[in-house]
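Make a model of this:
(2 chains)
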Amino acid sequence: MNDSTSTPESSTPSNFIQQIIREDLKNQKNEGGVLTRFPPEPNGYLHIGHAKSICINFGTARDFSGLCNLRFDDTNPEKEDMEYVDSIKESIRWLGFDWEDREYYASNYFDQLFDFALELIKKNKAYVCSLSQEQAREYRGTLTAPGRNSPDRNRSVEENLDLFARMKAGEFDDGAYTLRAKIDMASPNMNMRDPVLYRIRRLHHHHRTGDKWCIYPMYDYTHCISDALENITHSLCTLEFEDHRPLYDWVLDELDGVPHPQQIEFARLNINYTVMSKRKLKQLVDEKLVTGWDDPRMPTLDGMRRRGYTPASIRNFCEMVGVTKSNSVVDVGMLEHSLRDDLDKSSPRAMCVLHPLKVVIENVPEGHKEEMTLPRHPKDESMGERKISFTRTIYIDHNDFEEVPPPGFKRLIAGGEVRLRGCYVIKCEEVIKDAEGNIQELRCSYDVATLGAKPEGRKVKGVIHWVPADESIDVEVRLYDRLFSHEAPDSAEGDYRDFINPESLMVLRGCKAEPSLVNAVAEERFQFEREGYFCVDKIDSAPQQPVFNLTVGLRDTWARKQG
RNA sequence: UGGGGUGUAGCCAAGCGGUAAGGCAACGGACUCUGACUCCGUCAUGCGUAGGUUCGAAUCCUACCACCCCAGCCA
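Purely as a prediction, here's the structure:
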């Protein structure tokens, strides 16, 4: 295969869709071009599952030097709204894809769609049916029993034309008539049993066409024609549309002079420990089980963005997952791996003490202040440095001190030593407790000779993070965990809501952050050393008062060993 | 009991008649002023099951099994 057409970079293994397209290009199909489309219905917010589709559609086009259109599949005025088109556009842009000026709407094709319907009627391939919804269901038959022809099936072309025109003119109530394709009521494929092409929806205003129309085309009829009108070459969609393909092909075959794109189906994305259906996500929002569509625990792109996910990590994840036709459930660990992988490279380091424990270093004089310089990134010098004052009173994390340490504990213990990150080695001289025996503070000493140098004659294994007491800033930190404690909340016994992880959100107030963090801006990301990756919440932060969301924790082999 | 799909390790996934890629996870170890990162190593005599064809089968054939989707005037 030595054609001049660009092929996907070899770094990403080829998938079955790329193989089909490569074959098409070899056969000079579509004049060697590739045009795909991402076709969301503007009836809700995008989630990680849509991200896979976006990556496949835009990514496949990019891999073959083609283009991808954005098309809103807005044929059902009952559920759609402008609010959603704006949010969808924003999410796609955020993910890093650009449809340039190729923004289309199925509703822009309503006139042409209507004319094509006329063509089908004239060819005696469509008829106006008066069956009620209930009757239609009865006439349709079942999975194993064939359906029966509608009594209106042999209505004359003239009468069909007249009735369809009157449907459009608004003469009939919702549900009084439908326009149906005349195919085969005995087809083993339910979609081919004279599917509805148009329905009457007088009661709804369309978010773009207003009240111009009172009949609306159905998905099956609209999608293939929209693809054809845009000269789409490959119409990539999910598996559940597999048995709609014969209908997609039927419509285009019956129409004169329209191109015939190829529909190819792939498996949708499933991830464990979450739910992906719009119905359930909406329920979580409506029942206030989460704070909204952009709750950082939600698998929505708005939620993931607020959580601190990077667009690149989501794109890489989608690459990693691959494209196949087999239904699968991807381990959320893979998503987290992709996230950490990107964040490790791109996040400046900072120190923030989540559970402050006061430490007084007795051999540091009152008022003493020594400026420490720490790199913003251990491997990327271009990120620069930050300054932190070493003072007599500091805070360390409560979890970094144990009076009775478990075996292998290498943090601070009574009488033991530990390194303060980027600073001196300190030794715990005394543990001060209140009447109930709770640890109040630690009295320590420090070894002057250990700044940037190994201590003499002994080994100090542990390194812990810290902040100066006076100069640190108080911040709110929100610790997020998986929304569900069951890996398959959908398919488990009982209601999925019963598996909501009660610890999926823990709010910590009075955390002590190093002073450089005071100017952190919305959505800025950091690695809080030894804790995890955090980002500044864009909703609840105020100037000089950042609120941090835990994006994902650092891998923690110690915690894992502890059980 | 109809039709359309899919079965390769705990998870995702290559493989396209020539003797099971890669990633995630896990487990060892090295390194380390983050128990992080990085780096090394281990991890399918086995490809849903049973037969068959072949010198040779995850790949071809036959039968069976399991799971997913379809009976909206939703997309």
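
For the residue nearest to A:Leu412 when sequence neighbours are not counted, list the residues it contacts.
Leaving out its chain neighbours, the residue that sits closest to A:Leu412 by CB to CB, 6 or more residues apart in numbering is A:Val418, at 4.3 Å. Heads up, the C-betas are built off the backbone N, CA and C, glycines and all. The contact partners of A:Val418, by CB atoms under 8 Å, 6 or more residues apart in numbering, come to A:400, A:410-412, A:425-426, A:428, A:460, A:462-464.

Tell me, how many residues neighbour A:Val552?
20 (other CB atoms under 10 Å).

swap in A:Lys212?
Neighbour tally, A:Lys212, other CB under 10 Å: 11.

That one should be in a helix, yeah?
No. Using DSSP: H, G, I helix; E, B strand; the rest coil, the assignment for A:Lys212 is coil, not a helix.

And it, how close does it get to A:Cys237?
In this view, A:Lys212 and A:Cys237 are 28 Å apart by CB to CB, to the nearest Å.

Generate a PyMOL selection restricted to the buried subset of the contacts of A:Val418.
Of the contacts of A:Val418, the buried ones can be selected in PyMOL as follows, counting by 16 or more other CB atoms under 10 Å:
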select buried, chain A and resi 400+411+412+425+426+428+460+463+464
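
ok, the contacts of A:Val418 vs A:Asp98, which is closest?
Using CB to CB, A:Val463 comes nearest to A:Asp98 of those, at 43.9 Å.

that older thread, so which of the contacts of A:Val418 also contact RNA strand B?
Near RNA strand B, taking CB under 7 Å from any atom of the strand as the test, the members of the contacts of A:Val418 found are A:410-411, A:462-464.

quick one: the helices in chain A?
Assigned by DSSP state H, chain A shows helices spanning A:16-26, A:48-63, A:82-95, A:110-122, A:133-140, A:157-169, A:219-229, A:245-254, A:278-286, A:301-307, A:311-321, A:332-346, A:557-562.

Relative to A:Ile264, which of those helices is closest?
Proximity to A:Ile264, assessed across those by CB to CB, is greatest for helix A:16-26 (5.6 Å).

Alpha carbons of that closest one, as CSV, please.
Below are the C-alpha coordinates for helix A:16-26, written out as CSV (Å, rounded to 0.1, in the frame of the first residue of the first chain):
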residue,chain,number,x,y,z
PHE,A,16,-11.4,-1.8,12.1
ILE,A,17,-12.8,1.5,11.0
GLN,A,18,-9.4,2.7,9.8
GLN,A,19,-9.0,-0.6,7.9
ILE,A,20,-12.3,0.0,6.1
ILE,A,21,-11.4,3.5,5.2
ARG,A,22,-7.9,2.5,4.0
GLU,A,23,-9.6,0.0,1.8
ASP,A,24,-12.0,2.6,0.5
LEU,A,25,-9.2,5.0,-0.3
LYS,A,26,-7.3,2.3,-2.1
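
contacting residues around the closest residue to RNA strand B within the stretch 351-500 of chain A?
Residue of the stretch 351-500 of chain A nearest RNA strand B, by CB to the nearest atom of the strand: A:Val463 (3.7 Å). Going by CB under 8 Å, 6+ apart, A:Val463 touches A:418-421.

same deal with A:Asn30?
Contacts of A:Asn30 by CB under 8 Å, 6+ apart are A:24, A:233.

gap between the nearest residue to A:Asp537 once chain neighbours are set aside and A:Val467?
Computed as CB to CB, 6+ apart, the closest residue to A:Asp537 that is not its neighbour in sequence is A:Val547, at 4.4 Å. For A:Val547, the distance to A:Val467 (CB to CB) stands at 17 Å.

More neighbours: the two, which one.
A:Val467 (27 against 21).

My read is that the more buried one contacts A:Thr393, right?
No. Look at A:Val467 against A:Thr393 with CB atoms under 8 Å: they stay out of range, at 10.4 Å.

any idea how far RNA strand B is from A:Glu171?
Using CB to the nearest atom of the strand, to the nearest Å, we find A:Glu171 at a distance of 15 Å from RNA strand B.

what's the pLDDT at that residue?
We have a pLDDT of 98 for A:Glu171.

So it versus A:Asp211, what's the distance?
From A:Glu171 to A:Asp211 the distance is 15 Å (CB to CB).

higher neighbour count, the two?
A:Glu171 (14 against 11).

got the contact list for that one?
No contacts exist for A:Glu171 under CB under 8 Å, 6+ apart.

interface residues of the stretch 101-250 of chain A facing RNA strand B?
By CB under 7 Å from any atom of the strand, the residues of the stretch 101-250 of chain A that approach RNA strand B are A:131-133, A:136-137, A:140, A:142-144, A:174-175, A:178, A:188-191, A:195-196, A:199-200, A:216, A:218-220, A:223, A:239-244.

Just the buried residues out of the residues you listed, in PyMOL syntax.
Restricted to buried positions by 16+ other CB under 10 Å, the PyMOL selection for these reads:
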select buried, chain A and resi 131+136+140+178+191+195+196+199+200+216+218+219+220+223+241+244
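
count of residues packed around A:Arg180?
Burial of A:Arg180 is recorded as 23 neighbouring residues (other CB under 10 Å).

surely it meets A:Arg155?
No. A:Arg180 is beyond contact range of A:Arg155, at 10.5 Å (criterion: CB under 8 Å).

and the closest residue in space to A:Gly292 that isn't next to it in sequence, how far is that from A:Arg306?
Spatial nearest neighbour of A:Gly292, chain neighbours left out: A:Val285 (5.9 Å); criterion: CB to CB, 6+ apart. Applying CB to CB, the value for A:Val285 to A:Arg306 is 14 Å.

who touches both of these two?
A:Asp295.

Of these two, which one has the most company?
Using other CB under 10 Å, the more surrounded residue of A:Val285 and A:Arg306 is A:Arg306, with 26 against 18.

ok, the spatially closest residue to A:Gln112 that is not a sequence neighbour to RNA strand B distance?
Distances taken as CB to CB, 6+ apart put A:Leu229 closest to A:Gln112, at 6.6 Å, once the chain neighbours are dropped. Per CB to the nearest atom of the strand, A:Leu229 is found 15 Å from RNA strand B.

residue contacts, A:Leu229?
Taking CB under 8 Å, 6+ apart as the contact definition, A:Leu229 lies against A:109, A:112, A:258.

ok, the first one - contacts?
Neighbouring residues of A:Tyr109 by CB under 8 Å, 6+ apart: A:222, A:225-226, A:229.

Now pLDDT too, for those residues, in JSON lines please.
Output for the contacts of A:Tyr109, formatted as JSON lines (pLDDT from 0 to 100):
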{"residue": "A:Thr222", "pLDDT": "98"}
{"residue": "A:Ile225", "pLDDT": "98"}
{"residue": "A:Ser226", "pLDDT": "98"}
{"residue": "A:Leu229", "pLDDT": "98"}
